[in-house]
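**Student:** Just to be clear, the model below is a prediction. Sequence and coordinates:
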Amino acid sequence: MTLSKILIANRGEIACRIIRTANRLGIKCVSVFSDADKDSLHVKMADEAIYIGKPPAQQSYLIKEKIIESAKKTNCQAIHPGYGFLSESYEFSQLCSKNDLVFIGPPWQAIRDMGIKSTSKHIMSAAKVPIIEGYHGEDQSEERLLQEAEQIGYPVMIKAVRGGGGKGMRIAFSREEFIYQLQSAKTEALKAFNNDEMLVEKFVEKPRHVEVQIFGDHHSNYVYLYERDCSIQRRHQKVIEETPAPGLTNETRRKIGEAAVKAARAVNYVGAGTVEFIMDPKQNFYFMEMNTRLQVEHPITEMVTNTDLVEWQIRVARGEHLPLKQEDIPLNGHAFEARIYAEDPNNNFMPGAGKLKYLQPPLVTDKNIRVETGVEEGDEVSVHYDPLIAKLVVWADDRKSALQKFRYALANYKISGLTTNIPFIISLCDHKEFVAENVHTDFIPMHREELFKTAREPIIDNEIVCCALSTILNYEAELSKNYSNNNLVGSMVPNFWTNNFAEKQFDLIFNNESKTNAKVNVKYVNENNFELNLNGQTHLVSINVLDRQARLYQCDVDGHRIKLSYSRDQETGMFSLFANDRLFEFKLEDRKYQKEQNLSLCDADSNDSFAPMPGVVDKINVKAGDEVKKGDPLVVMIAMKMEYVIRSNRDGVVKSINCSVGQNVKKSHKLVSLAE
């Protein structure tokens, strides 16, 4: 079979990833896009692109008929679903077949059987794949589910039967919280999968999440491409993935790989799939679920096996045999992947949305570092989709070397305009237990205090203040174009000073919790040299530009040279300074263009409750005049396909509701007000 043109029914980094491989194979690609994505990178990279609707996925990327129509209109022979959206919809796979389009993925029967968790458990049990016993029955009444939970024994895991990606998943540690967690999981599952059926099973405490990459072809050939450890998670979603899984014995590696192949054979699987297992501290493993698609974290498998899994998918879809036999698949070195998200770890990992005002990924010096992304500087991270900015993938000969290289690359990933999880991921990399390979799914909650203490805002000392001031001098010199060669300001006094004096006081306000204030007296000396006085100490500072376009320069503070880069938000006047592996935000107090834009969220005694992130109001639980207690749920919001409950800060009476169901609200929008 010949495939010369395919449509990619997805967006963002995975669409870009597929386009790169397809183009290398001489295959043309068609992208689809919503209003929110009309200028996105995956649209620019494609040979053609088709508009499919409004930003909400239910009105664009999830409309099967529009995707099929777009493929036929552009004379495509196949559709690649990527991951998410329609990738695990057996109905969509069926629709492709009915329209003589090749679905680059498994047969629809395999998607159906493995997509319904209760069905998949029965199939795995029959295939002698180890499973955790639980309730996977048709009676979905709260009474029956509660009864089964009692019989299994707490803690129990409540999971959406058609779930995935951590959505529709909750843990109940007692009878008292079971019904609440069940209802919350059902609501989230209905939104994400249009199905709220649940299964209940025993929750293994301190487990590891170990998954196996498998591949099958149309000729009944199967292989496993080894395992990935995805234990480092927040809200049941992966943060760091690595391969091979640390500490696994060769015997366990072989057994878990063979079990994954058994799972694939049991459903006559074709294409790329991932079999996920829960592993206890003794390396006993149990089937959890099968993802019938390419995984987000597939690049780390490619790094250690020297393969291109998207190429394998296309070749299998064309009817070819698998490129390698099991004994020919190498396992070389160690690879890490970090998911770079627009989210705030210090605010319960709340997702963010907005413009990427400055974006400088780490320098890719060789094939052992990959930055998989679907965005560019100036792009918007939309409230309608997952807040993934990029995947950073790093390989080295062994885990220790890979981790060091990984951390260095993270420290050189520079983003401003949105809060990201980069500092938090660095703190994970630095944690002694992570370095020692002691990973499990409770890692973040268990080490929360240490991780967040490390990831929290850095210390602002005199040296950092000097660097911040040098950023302002750099920026003002850029505005006046007052530089020559590598000298920042040449031999002239910067134009924002008068000719009557060469000394000025600056008042810097740092955007940290304590709003650190620094008053600095600056004396112009000559060329690009300055004398700074702050806190009763005098510092000699010189500035040397390295790359003006990238705003990269060196600041010499009393003989200590520090490499810096920066950006400035033209709307707020906020400077973002990247120094010593950290981000510092600050502004000048005395400038007219510096307007305080940040709305503080309510404190414990506030009358008002605000939206903690941009999103859509899904449910309003109160009305004016209602009495509420501290902690009562007021409003339910949906952001990035996840459910967030906004609760009352104190006891009181509802004065007014300042939002409506279905309304798109910005971060810090006032949702509910209580009476004085």
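**Tutor:** Arrived safely. The structure displayed is predicted, hence computed values, not measured ones.
**Student:** Which neighbouring elements make contact with the strand of greatest length in the chain?
**Tutor:** If you go by DSSP state E, the chain has its longest strand at strand 222-234. Applying 3 or more C-beta pairs under 8 Å, 6 or more residues apart in numbering; DSSP states H and E, one finds that strand 222-234 contacts strand 208-216, strand 237-243, helix 250-266, helix 298-305, helix 443-446. For glycine as for every other residue, the C-beta is placed from the backbone atoms N, C-alpha and C.
**Student:** Export those as a markdown table, with columns for mean neighbour count, distance to residue 379 and mean pLDDT.
**Tutor:** Output for the helices and strands packed on strand 222-234, formatted as a markdown table (neighbours: other C-beta atoms under 10 Å; distance: least, C-beta to C-beta, whole Å; pLDDT from 0 to 100):
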| stretch | mean neighbour count | distance to residue 379 | mean pLDDT |
| --- | --- | --- | --- |
| strand 208-216 | 25 | 30 | 98 |
| strand 237-243 | 24 | 22 | 95 |
| helix 250-266 | 18 | 37 | 98 |
| helix 298-305 | 24 | 21 | 98 |
| helix 443-446 | 17 | 29 | 94 |
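**Student:** Out of those, which gets nearest to residue 382?
**Tutor:** strand 237-243 (18.1 Å; C-beta to C-beta).
**Student:** what separates the closest one from the chain centre, distance-wise?
**Tutor:** Relative to its parent chain, strand 237-243 has a centroid offset of 11 Å by C-alpha atoms, centre = their mean, to the nearest Å.
**Student:** same question, stretch 419-429
**Tutor:** From the chain centre to the centre of stretch 419-429 is a distance of 11 Å (C-alpha atoms, centre = their mean).
**Student:** Show me which positions of that stretch end up buried.
**Tutor:** Neighbour-count burial for stretch 419-429, with 16 or more other C-beta atoms under 10 Å as criterion, is recorded at 419, 420, 421, 422, 423, 424, 425, 426, 427, 428, 429.
**Student:** do the same with stretch 630-640
**Tutor:** 632, 633, 634, 635, 636, 637, 638, 639, 640.
**Student:** which residues touch the fourth one?
**Tutor:** Residues near residue 635 by C-beta atoms under 8 Å, 6 or more residues apart in numbering: 609, 617, 619, 620, 621, 645, 646, 659, 671, 672.
**Student:** my guess is it is in a helix, correct?
**Tutor:** No. Counting by DSSP: H, G, I helix; E, B strand; the rest coil, residue 635 falls outside a helix, being strand.
**Student:** On the pLDDT front, check the residue nearest to residue 161 when sequence neighbours are not counted for me.
**Tutor:** Nearest residue to residue 161 in three dimensions, chain neighbours excluded: residue 197, at 4.1 Å (C-beta to C-beta, 6 or more residues apart in numbering). Here the pLDDT value assigned to residue 197 is 93.
**Student:** ditto for residue 639
**Tutor:** At residue 639, the pLDDT value in this model is 76.
**Student:** wait, it sits on residue 613?
**Tutor:** Yes. Between residue 639 and residue 613 there is a contact under C-beta atoms under 8 Å: 5.3 Å.
**Student:** Need the residues touching each of these two.
**Tutor:** 350, 351, 353.
**Student:** Narrow the buried residues of stretch 419-429 to those in helices?
**Tutor:** Here DSSP state H is the test, and the buried residues of stretch 419-429 give 422, 423, 424, 425, 426, 427, 428, 429 as lying in helices.
**Student:** measure the second one to residue 452 for me?
**Tutor:** Applying C-beta to C-beta, to the nearest Å, one obtains 10 Å for the distance of residue 423 from residue 452.
**Student:** Could you tell me which residues touch both of those two?
**Tutor:** When contacts are counted by C-beta under 8 Å, 6+ apart, residue 423 and residue 452 have residue 345 as shared neighbours.
**Student:** burial of the closest residue to residue 661 other than its chain neighbours, as a residue count?
**Tutor:** The shortest distance from residue 661 to any non-neighbouring residue, by C-beta to C-beta, 6+ apart, is to residue 617 (5.6 Å). When neighbours are defined as other C-beta atoms under 10 Å, residue 617 has 21 of them.
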